[in-house]
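sequence? don't have it. structure:
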C-alpha cells in the first residue's frame, strides 16, 4: 500500500488562528480524503479532495472553515480556519487504492 | 438510527480465546465492508475487507458478511494481548465514502 505522511504530527494553537495540515503520498492516487476524529469518537469524513477541482464536502463541513487544496495526485492540504477549542481533534488523510489507507494523523489542540 | 452500529464494549476475552466483534449497517445497498484496528494514539490500520456473503479468512482473522441481515462480524482466533485495541467497522457508500461505526474496544487479558 501507499506510504502516507502528514505534517505536522501535532500542534497546539490559539483560538482564532488557522493551521494547514499537509498530506504527502509516495505514489499517485486518484482519491484522497480528509477525516476528523474527535476525542473518544470514531472517524467522520470531512471532504473528498479532488485533483484539479474543488473538494466535495460532507454535511456539516464547509469550505470556509476547512479549505482543501489538491494540486497534484500525491499531495493535499487541509486548513482548519478560525479555530476554536471544539476543533481539537485528530485530523487524518486517507487514500483509496481499492481499499482506504490512513496517514498517521495530526493531533490538534486548540486553547 | 445510526448508519453503522457497533457495541462500544469493552469486550474482554482471555488470551487464546476467540474474540467476536459485530457490526450492523442500515444501507441495504452497501457492497463493501472493512475492519480497521486502531491502537491508542495511532491511526486506523486496515486488517480485513469483505465484499461477498460468507466468510473470509486471513490468518487468525475471519470476516463474516450476511447482507440479508445487514450484519458483518470479525472473529479473532487465539487472541493475544497485542490484539487489544479499538476495532472499527466501516461501510463503503457512494463516491467511495467510508462510514465508520463508533468502534469496539477489545481487551485481551493474559
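Structure received. Small disclaimer: the values here were computed from a predicted structure and weren't measured. Numbers count the residues shown, from 1 in each chain, chains lettered A, B, ... in the order given.

how about low-confidence regions in chain A?
Counting by pLDDT under 70, chain A has no low-confidence residues at all.

helix or strand next in line after the longest strand anywhere in it, which one?
The residue-count maximum for a strand in chain A (DSSP state E) belongs to strand A:89-97. Using DSSP states H and E, the helix or strand that follows strand A:89-97 in sequence is strand A:99-102.

what is that next one packed up against?
With contacts defined as 3 or more C-beta pairs under 8 Å, 6 or more residues apart in numbering or on different chains; DSSP states H and E, strand A:99-102 has these neighbours: strand A:89-97, strand B:33-38, strand B:45-50. Every residue, glycine included, has its C-beta placed from N, CA and C.

residues touching that strand, excluding its own?
Residues from elsewhere that reach strand A:99-102 (C-beta atoms under 8 Å, 6 or more residues apart in numbering or on different chains): A:1-2, A:4, A:33, A:35, A:92-95, B:34, B:36, B:43-46, B:49, B:90, B:96, B:98.

which residues does the spatially most central residue of chain A bridge with?
What sits nearest the mean C-alpha location of chain A, by C-alpha atoms, centre = their mean, is residue A:34, with 3.8 Å. Beta-bridge pairing for residue A:34 (DSSP bridges): residue A:47, residue A:93.

tell me the contacts of it?
Contacts for residue A:34 (C-beta under 8 Å, 6+ apart) come out as A:23, A:45-47, A:49, A:66, A:68, A:76, A:78, A:91-94.

now residue A:86: phi and psi?
The phi and psi values for residue A:86, taken as degrees, to the nearest 10, are phi -70, psi -10.

contacts only, for it.
Contacts of residue A:86 (C-beta under 8 Å, 6+ apart): residue A:110.

from chain B, how far out is it?
19 Å (C-beta to the nearest C-beta, to the nearest Å).

what does residue A:3 give?
13 Å.

OK, contacts around the nearest residue to that residue once chain neighbours are set aside?
In this structure, residue A:3 finds its nearest non-sequential neighbour in residue A:26, 4.3 Å apart by C-beta to C-beta, 6 or more residues apart in numbering or on different chains. Counting by C-beta under 8 Å, 6+ apart, residue A:26 touches A:2-4, A:74.

as a check, name the ranges of all strands in the chain.
Went with chain A since none was named. Counting by DSSP E, the strands of chain A are A:4-7, A:10-13, A:19-25, A:31-37, A:43-49, A:56-57, A:68-72, A:75-80, A:89-97, A:99-102, A:106-110.

looking at chain B here, not the other one
For chain B, applying DSSP E gives strands covering B:4-6, B:11-14, B:19-25, B:33-38, B:45-50, B:54-58, B:61-66, B:71-76, B:85-92, B:98-100, B:104-109.

the third one near chain A at all?
No: using C-beta under 8 Å from any C-beta of the partner chain, strand B:19-25 stays clear of chain A, coming no nearer than 11.7 Å.

who does that strand touch, helix- and strand-wise?
strand B:4-6, strand B:11-14, strand B:33-38, strand B:71-76, strand B:85-92, strand B:104-109.

format those as CSV; extra columns: mean neighbour count, mean pLDDT and distance to residue A:41.
Output for the helices and strands packed on strand B:19-25, formatted as CSV (neighbours: other C-beta atoms under 10 Å in any protein chain shown; pLDDT from 0 to 100; distance: least, C-beta to C-beta, whole Å):
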stretch, mean neighbour count, mean pLDDT, distance to residue A:41
strand B:4-6, 20, 95, 13
strand B:11-14, 14, 98, 19
strand B:33-38, 23, 97, 12
strand B:71-76, 21, 98, 20
strand B:85-92, 24, 96, 11
strand B:104-109, 18, 98, 13
